[in-house]
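Quick one, structure for this:
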Amino acid sequence: MKTWERRPLVRPGALFLLLLGAVAGAVCAAESSNFVQAASLSTLLQGRAVYLKNCVFCHGPSGDGRGEMGLTVLPRPRNFRAAVFKFRSTPSGTLPTDDDLARTIRGGLSGTAMPIFATLREREVRAVIAYVKSFSPRWNQAENYVLPMPISKTPSWFRNPAELTRRAQRGKPLFTTACAPCHGPKGDGRGDAASGMKDSFDEPVMPSDLRQPLRCGPEPKDIYRTLLTGLDGTPMPAFAGALSEDQRWEIIAHVLELRREAGAREP
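You can find the predicted model right below:
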C-alpha cells in the first residue's frame, strides 16, 4: 500500500516568489512613472517586513488607516493611500521629506496611538518609509516634491526670562486673533470654533491643548514649524504668509507663558 507524503500547500521557494511579486509591482510602477526616489526591490522587501511587524495593525494591510486597532482609536491612523501628512517641514499641500517621516516614526505622536519606534535601525526606518510611499501615486509625481521651508533658530531672548515675558505680552493679541478661535483664549483647545470640527476625511478632530506637549514635538522650533507649514488635512492653516518671523516667535512665547500659568495652577 502506497503511503502518500504530506506536503505544504506552498513551498518556501514559491512563497518567496509570491512575496517578490507583491512588491515588484511597486518598483515597476515607480520606474514607469519617473518616480523621484525609486527604491530598490530589496529595500521595499525589508520595508514591507518592518511594516507588517509594526504598522499594519493600525494603518492596515493596504495602508488606508483601517487596521484592526486603527478602527478603535482617535485620532485615526494616517491614511497612506491619500498621502496627506500633517507633520512636515515642506509647504502646505506638498509631500513631507524622508526626514520628516523619520522624525514621526522615531518620536511618535504625543496624545495618539502612534508610539515611539526608537529601537528600529536606521536602515529599517528608511526601508519602511520607502514601502509607505508605494501606497499612493502622489509619490510618483515630481511636482509634489518641494524643498523644506527654512526654520530660523530659536531666538536668544528665549533664554532671558524678562525678555521672554515681554515678548509673550506682544504675542498675546496675535494669539487672540490667529489662534484663540480654535485653541481658546487659555490655549486649552476649547475655542468657539472647536465644536464639531472635522478633518478632510470627515473624522472628528479637536484643536490641540497647547498647554500640553504637542504632537509636532516638544521644542519651540517644533511649534514654529507647525505655524509655518500648517497641518494638512486639518483646519490648522499655514501662517507662512500671514505672520512675520518675529510674530511667530512671539506667539510661541505666549504659548509657553500659558503652559507656565497652567503648571502653576496645578496642585
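
what residues are up against residue 84?
Residues counted as contacts of residue 84 (Cβ atoms under 8 Å, 6 or more residues apart in numbering) are 200, 232, 233. In this view, the C-beta of every residue, glycine as well, is placed from N, C-alpha and C.

just checking, which of these belong to helices?
Secondary structure assignment (DSSP state H) places none of the contacts of residue 84 within helices.

Columns distance to residue 82 and pLDDT on top of the residues you listed, output as TSV?
Formatted as TSV, the contacts of residue 84 follow (distance: Cβ to Cβ, whole Å; pLDDT from 0 to 100):
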residue	distance to residue 82	pLDDT
200	8	92
232	10	97
233	8	96
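
Going by distance to residue 39, which of those residues wins?
residue 232 (23.3 Å; Cβ to Cβ).

count of residues packed around that closest one?
24 (other Cβ atoms under 10 Å).

which one is it nearest to, not counting chain neighbours?
Nearest residue to residue 232 in three dimensions, chain neighbours excluded: residue 84, at 5.1 Å (Cβ to Cβ, 6 or more residues apart in numbering).

Also residue 196?
Residue 196 sits nearest to residue 204 (Cβ to Cβ, 6+ apart), 7.9 Å away.

My guess is the one you found contacts residue 74. True?
Yes - in this structure, residue 204 is within contact of residue 74 by Cβ atoms under 8 Å, at 7.1 Å.

Report the buried residues of stretch 245-257.
Using 16 or more other Cβ atoms under 10 Å as the test for burial, stretch 245-257 gives 247, 248, 249, 250, 251, 252, 253, 254, 255, 256, 257.

do stretch 104-113 as well
For stretch 104-113, the neighbour count (16+ other Cβ under 10 Å) marks 104, 105, 107, 108, 109, 113 as buried.

Quick one: residues contacting the last one.
Right, the one you point to is residue 113. Counting by Cβ under 8 Å, 6+ apart, residue 113 has contacts 58, 69, 70, 73, 77.
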